[in-house]
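Novice: could you look at this predicted model? Sequence included:
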Amino acid sequence: MRAIRAVSAALLAVSALALTTPTATAAPSGGNAPFGFTVTPSTVAAGGRVTLSVTNCATTATASSGVFDTVNIPSGRSATATVDWDAKAGATYQVTFTCNGQSGTTSLRISSATRNPTPAATVTRTTGATVVPGGVRGGLGGSVGGVSTTELVGGTALVVAAAAGTIYVVRRRTEDRQH
């Protein structure tokens, strides 16, 4: 249950961070390219993901940088890229967008905060249920394997001794009150 709460809190924090980070919107170099482009967020930790968008481009555009692999961006859509883990903290890298032979650049800054890699999901397959003979041993905690004859005789003797002691004390009090 704690894991679910922790993951929910982490996703909420990442979502809040993603919604509040500034978006880098750049005019193409040279100022006369007929398309627009954005990198969101404009500052990211090494190993983080950025969303790359292109507007007013009728064909598939590309985005490339020295800090991530070249990404194809379909017309009217966006794409994501994962920043390399070895990106230098505090450095600024150029991202080049290309559409119909024209290109434009913008900057992507690597934050000084490091990001921990998230482990890959593990898939476990089960083939069927395992049936264990016998019922559930509720209250025993699973540490008791069974009752031996010695334990049974000893427990019975203790119960008889307790009952006999109780009867003796009660009868003795009754006798004392009658005199």
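Specialist: The structure has been received and is ready for your questions. Numbering: from 1, shown residues only.
Novice: now residue 171, what's its secondary structure?
Specialist: When classified by DSSP: H, G, I helix; E, B strand; the rest coil, residue 171 comes out as helix.
Novice: low-confidence ranges, this structure, go.
Specialist: 1-33, 113-146, 178-179 (pLDDT under 70).
Novice: can you pull the domain assignment for this protein?
Specialist: Annotated domains of the chain cover 17-110, 149-179 [automatic domain parsing].
Novice: for the closest residue to residue 82 other than its chain neighbours, phi and psi?
Specialist: Distances taken as Cβ to Cβ, 6 or more residues apart in numbering place residue 49 nearest to residue 82, at 5.4 Å, with adjacent residues excluded. Backbone N, C-alpha and C define where each C-beta goes, glycine included. Backbone torsions of residue 49, given as degrees, to the nearest 10, read phi -110, psi 140.
Novice: go ahead and confirm residue 49 touches residue 81.
Specialist: Yes: counting by Cβ atoms under 8 Å, residue 49 does reach residue 81; the two are 6.9 Å apart.
Novice: those two - which one has more neighbours?
Specialist: Applying other Cβ atoms under 10 Å to residue 49 and residue 81 shows that residue 81 carries more neighbours, namely 23 against 15.
Novice: name every strand pairing with the helix or strand that that one is a member of and say which way it goes.
Specialist: Element membership of residue 81 [criterion: DSSP states H and E] is strand 78-82. Partner strands for strand 78-82, per DSSP bridges, with pairing direction: strand 49-55 (antiparallel).
Novice: beta-bridge partners for residue 79, please?
Specialist: Beta-bridge partners, per DSSP bridges, of residue 79: residue 52.
Novice: residue boundaries of the strands in this protein?
Specialist: 24-26, 36-40, 43-44, 49-55, 61-65, 68-73, 78-82, 92-99, 102-110 (DSSP state E).
Novice: tabulate those strands (JSON lines), appending distance to residue 156.
Specialist: Shown next, in JSON lines, are the strands of the chain (distance: least, Cβ to Cβ, whole Å):
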{"stretch": "strand 24-26", "distance to residue 156": "83"}
{"stretch": "strand 36-40", "distance to residue 156": "77"}
{"stretch": "strand 43-44", "distance to residue 156": "74"}
{"stretch": "strand 49-55", "distance to residue 156": "70"}
{"stretch": "strand 61-65", "distance to residue 156": "82"}
{"stretch": "strand 68-73", "distance to residue 156": "77"}
{"stretch": "strand 78-82", "distance to residue 156": "71"}
{"stretch": "strand 92-99", "distance to residue 156": "82"}
{"stretch": "strand 102-110", "distance to residue 156": "76"}
